[in-house]
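Student: With the sequence up front, the predicted model follows.
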Amino acid sequence: MNDLNEKINNANQHFQDFIKDDGDAHEMARKAEELEREHHATREAKAKADEAEKNVNQRTYISWSIFGVMIAWLVFVIVVVILAGANVLHLSDSVLMTLLATTTTNIIGMWAIILRYLFPNNK
């Protein structure tokens, strides 16, 4: 009889160990799923950060390119005005006024567009 009680106790102990091991397996599976979710979230955050960095680099390049074009245009306008003032170029007053007005408008407009693009109003 003692032998039978000992076998029953051993069986109960094995059963308890099995249940405990099975619980540990479930806990490990849950932790693995949680780690996988965290890994996925980290990959998404890195992809967003990489995209933001690329966007900033493109915006910087475009801004400097437009700035270079505007500087070249201003130099051209200044040269035309100087040559017209020295009577090397013979342009009427209305042509010079139109040139200066459109240049001023273009510069202000371009900078307004660039600044809105670089610093969008996210409401």
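Tutor: Ah, there it is.

Student: so how far is Gln58 from the most centrally placed residue in the chain?
Tutor: Nearest to the geometric centre of the chain sits Ala52, at 1.3 Å (Cα atoms, centre = their mean). Ala52 is 11 Å from Gln58, where distance means Cβ to Cβ, to the nearest Å. Using the backbone N, CA and C atoms, a C-beta is placed for each residue, glycine as well.

Student: Same check on Asn122?
Tutor: According to Cβ to Cβ, Asn122 stands 18 Å off from Gln58.

Student: more neighbours, the two?
Tutor: Comparing Asn122 with Gln58 by other Cβ atoms under 10 Å, the one with more neighbours is Gln58, at 10 against 4.

Student: any idea how far Tyr117 is from that one?
Tutor: In terms of Cβ to Cβ, Gln58 sits 10 Å off from Tyr117.

Student: swap in Lys31?
Tutor: The value you get for Lys31 to Tyr117, if Cβ to Cβ is used, is 45 Å.

Student: how about low-confidence regions in the protein?
Tutor: Regions of the chain meeting the criterion pLDDT under 70 cover residues 1-5, 7-28, 123.

Student: hey, where'd the strands end up in it?
Tutor: For the chain, strands defined by DSSP state E do not occur.

Student: now the helices: where do they sit in it?
Tutor: With DSSP state H, the ranges of helices along the chain come out as 2-85, 93-118.

Student: in the shortest one, what's buried?
Tutor: Within helix 93-118, the residues scored as buried using 16 or more other Cβ atoms under 10 Å are Leu96, Leu99, Thr103, Ile114.

Student: on contacts alone, who are the packing partners of that helix?
Tutor: helix 2-85 (3 or more Cβ pairs under 8 Å, 6 or more residues apart in numbering; DSSP states H and E).

Student: one step back: report the separation between the residue nearest to the centre of the chain and Val75.
Tutor: Ala52 is 35 Å from Val75, by Cβ to Cβ.

Student: same thing with Leu35?
Tutor: 60 Å.

Student: What of Ser65?
Tutor: 16 Å.

Student: hmm, back to that, between the buried residues of helix 93-118, which sits nearest His40?
Tutor: Distance to His40, by Cβ to Cβ, is smallest for Ile114 among the buried residues of helix 93-118, at 36.7 Å.

Student: Many thanks, we can stop here.
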